[in-house]
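J.: pasting the sequence and the predicted coordinates here, then a few questions.
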Amino acid sequence: MKLRILGTAAGGGLPQWNCACPGCSRARAAGPRAWRTQECLAVSVSPDAWYLVNASPDIRAQILAAPGLAPPDGTRHTPLRGVLLTDGELDHTAGLLALREGAALDLYAPPAVLAALDGPFPLRTLLAPYGSARWHAVGSGPLLLDGGRLRVTAVPISDKRPRYASGSGAPGPWVVAYRFDDTATGTAAVYAPSLARWPDALDDALAGVGCLILDGTFWSEDEMARATGGRGSGARAMGHLPVDGPDGTLVRLLGRDGIRCFYTHLNNTNPLADRASPERGALAGTPVEVPSDGTEIEW
Ligand SMILES: [Zn+2]
């Protein structure tokens with residue numbers, strides 16, 4: 001199984017265009033090598049078939065930076081077969097508008113998200129005249145992709161709605177994680193970039209996996225409020241368990257032998273984005289890593 005972590009930042013990226021918090025200022029001064037694009041993953045179990053998880057507004061640059069996602073010489077053909085959406089957030093779906101140039105893509109999302117993309121954010125209506133998207137609901141059982149070799153299981157996480165769909169009464173889940181199983185090799189991974197809570201189903205989904213990539217949006221519960229002078233909400237209220245603290249995600253990762261763990265979806269206020277921070281240093285000697293954009297994991 002091959003995973004390419006295309007983007008590692010929360011919505012807005014690092015630096016964010018309108019922000020000069022310490023994290024954004026540091027990244028702006030350091031230049032593009034220190035920047036992070038918005039969270040997105042590509043997964044593959046065979047050389048000419050890749051699936052995206054989420055389609056960030058940075059998707060064009062992320063695909064151009066990934067050699068494995070380039071069309072073969074002399075063709076107008078893409079190894080990209082489809083896109084799985086974890087939720088309907090704008091920073092996970094707006095990139096689909098940039099993938100409309102005739103590639104026949106299969107698009108997967110929970111039913112509530114499909115309804116939102118037919119309603120308050122009418123992405124399906126907007127893309128329909130371009131003719132090539134096939135939409136599918138996830139959640140009623142595993143999907144078999146890439147000729148049956150890649151088994152994908154949606155793991156219900158929460159009912160956190162995108163702000164544009166806050167009035168929707170559609171039943172959840174609104175946010176899922178995905179487990180990927182290579183049925184030929186037995187390798188497996190879980191991608192969970194948006195964790196408002198840690199359901200038992202997520203623990204169940206981690207059985208036998210070699211790799212977990214998860215929500216690292218905030219280091220601490222009150223980080224946004226401190227970075228923005230008291231205006232920001234708490235991490236949990238924004239739909240993200242913080243990394244640190246007795247109920248944070250880090251303590252849940254430390255006892256798991258044999259699983260490589262990676263934090264993604266880092267907010268620009270998160271000190272983990274800074275290699276020199278004490279918080280980043282605290283991860284040394286643990287199985288938990290903070291990847292850069294473009295990190296590839298293969299096993
Ligand atoms: Zn900032």
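T.: In hand now; what should we look at?
J.: okay, the closest residue to residue 46 other than its chain neighbours: pLDDT?
T.: In this structure, residue 46 finds its nearest non-sequential neighbour in residue 146, 5.8 Å apart by Cβ to Cβ, 6 or more residues apart in numbering. (Each C-beta comes from the backbone N, C-alpha and C, glycine too.) For residue 146, the model assigns a pLDDT of 97.
J.: now the phi/psi pair for the residue in the stretch 51-200 of the chain positioned nearest to the ion, please.
T.: Per Cβ to the ion, residue 91 is where the stretch 51-200 of the chain lies closest to the ion, at 14.9 Å. With angles defined as degrees, to the nearest 10, residue 91 sits at phi -80, psi 0.
J.: ok, now which ones touch it?
T.: By Cβ atoms under 8 Å, 6 or more residues apart in numbering, the contact set of residue 91 is 10, 11, 12, 38, 39, 56, 57.
J.: try residue 254
T.: Counting by Cβ under 8 Å, 6+ apart, residue 254 has contacts 286, 287, 288.
J.: separation between it and residue 204?
T.: Using Cβ to Cβ, to the nearest Å, we find residue 254 at a distance of 19 Å from residue 204.
J.: okay, now the residue nearest to residue 46: neighbour count?
T.: 21 (other Cβ atoms under 10 Å).
J.: residue numbers of the stretch 151-299 of the chain in contact with the ion?
T.: Proximity of the stretch 151-299 of the chain to the ion, by Cβ under 5 Å from the ion, involves residues residue 268.
J.: list the contacts of the closest residue to the ion within the stretch 151-299 of the chain.
T.: Proximity of the stretch 151-299 of the chain to the ion (Cβ to the ion) peaks at residue 268, 3.7 Å away. Residues in contact with residue 268 (Cβ under 8 Å, 6+ apart) are 9, 10, 12, 13, 14, 15, 16, 19, 21, 23, 24, 27.
J.: quick check, pLDDT for it.
T.: For residue 268, the pLDDT comes out at 94.
J.: is it in a helix, a strand, or coil?
T.: Three-state call for residue 268 (DSSP: H, G, I helix; E, B strand; the rest coil): coil.
J.: all strands of the chain, in order?
T.: Ranges of strands within the chain are 2-7, 40-46, 49-53, 80-84, 105-109, 133-137, 143-145, 150-158, 175-182, 188-192, 211-215, 260-264, 288-289, 295-298, based on DSSP state E.
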